[in-house]
Structures are given as structure tokens and as C-alpha cells.
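Q: please work out how this folds:
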Amino acid sequence: MAKKNVKETGGTSVIRYTKDQLIRSEKYRNQRDLLSALFDDRKVYSVTEAEEIMNQFMKGKVKVC
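A: Residues are numbered from 1 along each chain as shown. Okay, here's the model as predicted:
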């Protein structure tokens, strides 16, 4: 994965990736549909943020009609 954006946070840099970069990564090859549905094309995400978003979605409740 190539880095898209580096953000400085208290002396350490956080590498951020686009939605497309995350979808194409080997790490998330089994969650590509989930990434595609949850993430915005115009935003960049760190790996920590991406995993947090996916975990929150997976822990959500199912609405029964």
C-alpha cells in the first residue's frame, strides 16, 4: 500500500490511506465488500480508524421488521 497522507500527531506520523488503497490491500481482502460500503471515496483513513469503523459496524444490532 502506498501512503496517501501523513499526519503528524505528537512527534509520530500516522499513515493514512484512501478507500481504494485499503480495498486493494492484502490485509483486507476478505472485507472488501464491507470497506466498499462503509468508507467514503473522498476521505483518508489510518489502519486504526478503518478497523474501528469496521468493528463498530459488525457489533451493531440488526433491525427486524
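
Q: residue 35 - how many residues pack around it?
A: Neighbours of residue 35 under the rule other Cβ atoms under 10 Å: 20. Glycine gets a C-beta too; all of them are placed from N, C-alpha and C.

Q: might you report the residue contacts of it?
A: Contacts for residue 35 (Cβ atoms under 8 Å, 6 or more residues apart in numbering) come out as 19, 22, 23, 28, 50, 54.

Q: buried set for the helix or strand hosting it?
A: Using DSSP states H and E, residue 35 sits in helix 32-38. When neighbours are counted by 16 or more other Cβ atoms under 10 Å, the buried residues of helix 32-38 are found to be residue 35.

Q: list the buried ones in the next helix or strand after that helix?
A: Going down the chain from helix 32-38, the next helix or strand is strand 44-46, by DSSP H and E. In terms of neighbour count (16+ other Cβ under 10 Å), strand 44-46 has its buried residues at 44, 45.

Q: tell me the spacing between the residue most central in space within the chain and residue 33.
A: Most central in the chain under Cα atoms, centre = their mean is residue 50, positioned 2.7 Å from the mean C-alpha point. Distance of residue 50 to residue 33, given as Cβ to Cβ, to the nearest Å: 14 Å.

Q: ok, residue 40 next?
A: The gap separating residue 40 from residue 33 is 16 Å, by Cβ to Cβ.

Q: one more: residue 49?
A: Counting by Cβ to Cβ, the gap from residue 49 to residue 33 is 19 Å.

Q: any idea what residue 44 is bridged to?
A: Under DSSP bridges, the beta-bridge partners of residue 44 are residue 18.

Q: now the helix holding residue 35: average pLDDT?
A: Average pLDDT, helix 32-38: 95.

Q: next: stretch 54-65.
A: Mean predicted confidence for stretch 54-65 is 90.

Q: just the CA trace of it, in CSV.
A: Listed next in CSV are the C-alpha coordinates belonging to stretch 54-65 (Å, rounded to 0.1, in the frame of the first residue of the first chain):
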residue,chain,number,x,y,z
MET,A,54,-15.5,-2.0,10.7
ASN,A,55,-15.7,-3.3,14.3
GLN,A,56,-18.4,-0.8,15.2
PHE,A,57,-20.4,-1.8,12.2
MET,A,58,-20.0,-5.5,13.0
LYS,A,59,-21.1,-5.0,16.6
GLY,A,60,-24.3,-3.2,15.5
LYS,A,61,-27.7,-4.6,16.0
VAL,A,62,-29.9,-6.0,13.2
LYS,A,63,-33.2,-4.3,12.8
VAL,A,64,-36.1,-6.7,12.4
CYS,A,65,-39.2,-5.6,10.6
